[in-house]
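[1] My questions are about this predicted structure, shown below with the sequence.
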Amino acid sequence: MLRSMLTRATAPVVCACLLWTAAPAHAQSPEHARPVSSDAWADRATSTYRALQKHLYEGSDHHGLYLEHTPRQAADPEHSYLWPFREAAQAAVDMQELPLTGSSYRHDAAERVDTAELYFTRGKRSGYESYLPAPLGTGGDVYYDDNAVVALTQLDQYEATGDERFLKRAEQVVPVVSRAWDGDTSKACPGGMDWYDAPNNNIRATNVTALSAQLAARLYEHTRDRTYLDKAEQWYGWVYSCMRKAPGLYVNDRGDDGSTNETLWTYNSGSMIGTATALYRGTGNAGYLKKAVEDARGSLAYWTEGSRLHDQPAVFNAFYFKDLLDLDTVRPNSAYPKAMSAYADSTYKSNRDTSTGLFRFQASNGGDYDPTAPAATLNQSAMVQIFATLADATHQRRQPS
């Protein structure tokens, strides 16, 4: 993901088919919550997606790509970087899971996932580049976290459609991210994965390693290929042993000079919960479920304190909440959907421009509404994902067991 590392199943019936939302805006605690129906979440997802498509999608005449911001900023490239595009693709994939209307988004989802291939470069150092390679752009570095999340979207699309093409694409990313593993045993806490593919990379990043572990664990569920399980356990184990500050809280990266960046992000919490959940499903090892539950409990206690969730980038929260709900399908806990609903409702009220349907945040991609800030594909897509996921989750909870 192109940014500075320093700044940048069936569930039980719950609450009469409703999830909870916070009032007033900015409230992070789910205690003062009110229920919102699946239909209401679906309406919010639909309007937010329409705003994304109206203001940021460039259309088929521009290769099916997106703008980085609207209005376009002076420093923006002609089209968005890979990371925002991936989030827009994931938004479409999630929209096709909407109750009743999801089928109308199947074309969009398939088209977005196919369009992501425009960012792929072949050769000895193949991978999805941070910006479009020739002939559409000048290319960019291969960021390993970008590659992992593109593959996770491909897996989601495979699960939604059963189309083997998407499974094969996700599998093709494993050799790419495997290049990131640092085998230098002389370094402090040996192992971990480089952030991006360049000789001058000098950090081993939690996000790359945990997201790649999540990819491998989910691939093992589908293929039963032991190679994927071995990688998932190795990569997950490094993050758990070398980067865990407290239950559910993982520091950002380790420098090759021995330094540690202590920054905490919600998506690092989430990817470790999601990986442990997938490993539990794939292996039946209750130890992984225990770790997932411990990390969910610890992270939720931390992130729901004060304005911490509100201040995190919206896209990181989208990752985090989805991973909590994934755990919820195997070990239900009403705290997970409550926290997601509280954040979603408060952000809908506080960060949405009612005249356009676009969400605006601080330059950090989180925090308070900034009326002068451009709207970003990254953030708009994140909110689509959150609302669509809630619509589907709420609908599932009202189905008979």
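    All right, it came through fine.
[2] residue ranges with poor pLDDT in this protein?
    For the chain, the stretches with pLDDT under 70 are 1-33, 398-401.
[3] roughly how far is the top strand by length along it from the heart of the chain?
    Determined from DSSP state E, the single longest strand within the chain is strand 249-255. In terms of Cα atoms, centre = their mean, to the nearest Å, the centre of strand 249-255 is found 18 Å from the chain centre.
[4] Would you work out how far apart the start and end of stretch 272-292 are?
    Stretch 272-292 has an end-to-end distance of 7 Å (Cα to Cα, to the nearest Å).
[5] Now it: buried residues?
    272-283, 288-289, 291-292 (16 or more other Cβ atoms under 10 Å). In this view, the C-beta of every residue, glycine as well, is placed from N, C-alpha and C.
[6] for stretch 317-331, same thing?
    Applying 16+ other Cβ under 10 Å to stretch 317-331 flags 317-328 as buried.
[7] any chance of the residues you listed in TSV, with secondary structure and distance to Pro190 too?
    Below are the buried residues of stretch 317-331 laid out as TSV (DSSP: H, G, I helix; E, B strand; the rest coil; distance: Cβ to Cβ, whole Å):
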residue	secondary structure	distance to Pro190
Asn317	helix	32
Ala318	helix	32
Phe319	helix	27
Tyr320	helix	28
Phe321	helix	33
Lys322	helix	31
Asp323	helix	27
Leu324	helix	31
Leu325	helix	34
Asp326	helix	30
Leu327	helix	30
Asp328	helix	35
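[8] from the residues you listed, which is closest to Ala376?
    For the buried residues of stretch 317-331, the residue nearest Ala376 by Cβ to Cβ is Ala318; the value is 13.4 Å.
[9] quick revisit: just the closest of the buried residues of stretch 272-292 to Ile386, please.
    Among the buried residues of stretch 272-292, and counting by Cβ to Cβ, the member closest to Ile386 is Gly274, at 15.6 Å.
[10] now the closest one, nearest residue through space, not along the chain?
    Asp323 (3.7 Å; Cβ to Cβ, 6 or more residues apart in numbering).
[11] Quick check: the one you found touching Gly270?
    Yes. Between Asp323 and Gly270 there is a contact under Cβ atoms under 8 Å: 3.6 Å.
[12] which phi and psi does Glu262 have?
    Backbone geometry at Glu262, expressed as degrees, to the nearest 10, gives phi -80, psi 0.
[13] any idea how far it is from Asp253?
    Glu262 is 10 Å from Asp253, where distance means Cβ to Cβ, to the nearest Å.
[14] One more: Asp326?
    Counting by Cβ to Cβ, the gap from Asp326 to Asp253 is 25 Å.
[15] can you check Ala40 too?
    Taking Cβ to Cβ, one finds Ala40 at 39 Å from Asp253.
[16] for Gly183, same thing?
    17 Å.
[17] contact partners of stretch 283-301?
    229, 240, 246-249, 266, 269-270, 272-273, 276-277, 279-280, 320, 324, 327, 330-331, 333, 335-336, 339 (Cβ atoms under 8 Å, 6 or more residues apart in numbering).
[18] Next step: the residues you listed restricted to helices.
    Per DSSP state H, helices hold the following members of the contacts of stretch 283-301: 229, 240, 266, 269-270, 272-273, 276-277, 279-280, 320, 324, 327, 335-336, 339.
[19] got the buried residues for the host helix or strand of Leu309?
    Taking DSSP states H and E as the criterion, Leu309 maps to helix 308-311. For helix 308-311, burial by neighbour count (16+ other Cβ under 10 Å) applies to 309-310.
[20] how about that helix as CSV, C-alpha atoms only?
    Extracted C-alpha coordinates of helix 308-311, given in CSV (Å, rounded to 0.1, in the frame of the first residue of the first chain):
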residue,chain,number,x,y,z
ARG,A,308,-9.3,5.6,18.6
LEU,A,309,-11.5,3.9,16.0
HIS,A,310,-12.7,7.3,14.8
ASP,A,311,-9.1,8.5,14.3
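[21] So which elements touch that helix?
    helix 335-350 (3 or more Cβ pairs under 8 Å, 6 or more residues apart in numbering; DSSP states H and E).
[22] Strand partners (parallel or antiparallel) of the next helix or strand after the helix it packs on?
    Past helix 335-350, heading to the C-terminal end, the next element that is a helix or strand (DSSP H and E) is strand 352-353. Here strand 352-353 is paired, per DSSP bridges, with strand 358-359 (antiparallel).
[23] for the closest residue in space to Glu78 that isn't next to it in sequence, what are its contacts?
    Spatial nearest neighbour of Glu78, chain neighbours left out: Gly137 (7.1 Å); criterion: Cβ to Cβ, 6+ apart. The contact partners of Gly137, taken as Cβ under 8 Å, 6+ apart, are 77-79, 131.
[24] hmm, 10 Å instead?
    65, 77-79, 81, 118-119, 129-131 (Cβ atoms under 10 Å, 6 or more residues apart in numbering).
[25] can you give me phi and psi for it?
    phi -160, psi -170.
[26] Pull up the gap between it and Tyr131, please.
    5 Å.
[27] Give the residues shared as contacts by the two.
    Looking at what touches both Gly137 and Tyr131 (by Cβ under 10 Å, 6+ apart), the common residues are 77-79, 81, 119.
[28] need the residues you listed in CSV with secondary structure, distance to Ser178 and neighbour count, can you?
    Formatted as CSV, those follow (DSSP: H, G, I helix; E, B strand; the rest coil; distance: Cβ to Cβ, whole Å; neighbours: other Cβ atoms under 10 Å):
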residue, secondary structure, distance to Ser178, neighbour count
Pro77, coil, 29, 14
Glu78, coil, 32, 15
His79, coil, 29, 23
Tyr81, coil, 23, 25
Tyr119, helix, 19, 28
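[29] and these as JSON lines, adding distance to Leu167?
    Converted to JSON lines, the shared contacts of Gly137 and Tyr131 look like this (distance: Cβ to Cβ, whole Å):
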{"residue": "Pro77", "distance to Leu167": "31"}
{"residue": "Glu78", "distance to Leu167": "32"}
{"residue": "His79", "distance to Leu167": "27"}
{"residue": "Tyr81", "distance to Leu167": "26"}
{"residue": "Tyr119", "distance to Leu167": "19"}
